[in-house]
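Chemist: The following comprises the amino acid sequence and a computationally predicted model.
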Amino acid sequence: MWRRGNISRVMEQLNWVPSSVDVTKPSVARMYDYFLGGSHNFEADRAAAKAVEQFAPGAATGAQSNRSFLRRAVRTLRAAGVSQFLDLGSGIPTVGNVHEIAQQDDPTARVVYVDFEPVAVSHANLLLAENDYACAIQADLRSPSTVLTQSNLLDFTKPVGVLMVAALHFVPDSDDPYSVVETYLDACVPGSYLVLSHGTMDGYDPEDNGADQVSAIYKRTGNPVTPRTHAEVSRFFTGLSLIEPGVVPVNEWRPDADADFVGIYAGVARKDS
């Protein structure tokens, strides 16, 4: 017998959803899409995202502030002459994504999106079908050699903006995220940049069990969260030249307007040698 949930699930299994995707299991990329007000998410994603909002009421605001930071950072790199971008853990494309910002003043600016989420990659490539200077590849950012090999749209003899925005808090310490970042930057020439944002529990009450509840929700997605301190986030920029204002809460990084604090640090740095 068909139940309402079964019918809903079939209706959601649209053409842009690869057949291998289990829409009954929440995905961090699709939850993020929901927080941003997107439409490429399913019932399981929405339920998980709403549960996160219950214990962390600023989750949607944080996602939106983080996406605004990404746009500001891309504009900053374009002003510095960077015309190539490697967006790692890019998620599902939304309005004002990297290629749209980068190609506003240079239609030949090159962008490679990287994500392990099949829905994100499938939908990105549909959007980019007629764009010769942007593409999406399905890969895990924790495997730099695989990603770099497939990123042949980019010319690594010229500066590249390496974007790791709201991505590294899904990489546990056991996978050595610092070495991952270093490997990507080693492949880049001087004049390249690292753009990074990262979740933190700095400033939150350690006795508030909301963080534990949120952590449990993300564990069910298969991508547990590892929040890091200001010092730990700053360490990702070791050997690079941070540009002003340094590593700060994401809402304080060259803001367009006043915004409330969210538990995300952000920074942009240049590789000089």
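Modeler: Structure's in. What do you need?

Chemist: can you give me the helices for the stretch 51-200 of the chain?
Modeler: 59-79, 98-102, 118-127, 144-150, 177-186 (DSSP state H, counting those that start in this stretch).

Chemist: Out of those helices, the one nearest Ala134 is which?
Modeler: Of all those, it is helix 98-102 that lies closest to Ala134, at 4.1 Å by Cβ to Cβ. No exception for glycine: its C-beta is placed from N, CA and C like everyone else's.

Chemist: and that closest one, C-alpha only, in CSV?
Modeler: Taking C-alpha atoms only, helix 98-102 is exported to CSV below (Å, rounded to 0.1, in the frame of the first residue of the first chain):
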residue,chain,number,x,y,z
VAL,A,98,31.4,31.6,-7.1
HIS,A,99,31.2,31.5,-10.9
GLU,A,100,28.5,34.2,-11.0
ILE,A,101,30.6,36.5,-8.9
ALA,A,102,33.9,35.8,-10.6
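
Chemist: which residues does Phe55 contact?
Modeler: Gly210, Ala211, Gln213, Val214, Ile217 (Cβ atoms under 8 Å, 6 or more residues apart in numbering).

Chemist: where does the stretch 1-150 of the chain have low pLDDT?
Modeler: 1-18, 95 (pLDDT under 70).

Chemist: Which one of the contacts of Phe55 is nearest to Ala59?
Modeler: Of the contacts of Phe55, the one sitting nearest to Ala59 (Cβ to Cβ) turns out to be Val214, at 7.9 Å.

Chemist: Would you verify that that closest one is located in a strand?
Modeler: No - remark: Val214 does not belong to a strand; assigned using DSSP: H, G, I helix; E, B strand; the rest coil, it is helix.

Chemist: so it sits right up against Val225, yeah?
Modeler: Yes - assessed by Cβ atoms under 8 Å, Val214 is found in contact with Val225 at 7.3 Å.

Chemist: Neighbour count for those two, which is higher?
Modeler: With neighbours defined as other Cβ atoms under 10 Å, Val214 and Val225 compare such that Val214 has more, 21 against 17.

Chemist: Now do the contacts for the more buried one.
Modeler: Val214 touches Val52, Phe55, Ala56, Ala59, Val225, counting by Cβ under 8 Å, 6+ apart.

Chemist: Domain parsing of the protein, as residue ranges.
Modeler: Using automatic domain parsing, the domains assigned to the chain come out as 4-55, 59-270.

Chemist: quick one: the closest residue to Ala167 other than its chain neighbours from Ser241, how far?
Modeler: Nearest residue to Ala167, sequence neighbours excluded (Cβ to Cβ, 6 or more residues apart in numbering): Gly89, at 3.0 Å. For Gly89, the distance to Ser241 (Cβ to Cβ, to the nearest Å) stands at 24 Å.

Chemist: Of those two, which one has the most company?
Modeler: Remark: of Gly89 and Ser241, Gly89 carries more neighbours, 25 against 12, as counted by other Cβ under 10 Å.

Chemist: Need the phi and psi values for the more buried one.
Modeler: The phi/psi pair for Gly89 (degrees, to the nearest 10) reads phi 70, psi 40.

Chemist: hang on, Asp256 packs against Ser65?
Modeler: No - assessed by Cβ under 8 Å, Asp256 is found out of contact with Ser65, at 10.7 Å.

Chemist: ok, the two, which is more surrounded?
Modeler: Ser65 (23 against 8).

Chemist: and the more buried one, what is it in contact with?
Modeler: Taking Cβ under 8 Å, 6+ apart, one finds Val250, Asn251, Ala259, Val262, Ile264 in contact with Ser65.

Chemist: need those residues in TSV with secondary structure and distance to Pro118, can you?
Modeler: What follows is the contacts of Ser65, written out as TSV (DSSP: H, G, I helix; E, B strand; the rest coil; distance: Cβ to Cβ, whole Å):
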residue	secondary structure	distance to Pro118
Val250	helix	28
Asn251	helix	32
Ala259	coil	33
Val262	coil	29
Ile264	strand	26
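
Chemist: need the strands for the chain, in chain order.
Modeler: Counting by DSSP state E, the chain has strands at residues 84-88, 110-115, 134-138, 161-165, 193-199, 241-242, 248-249, 264-270.
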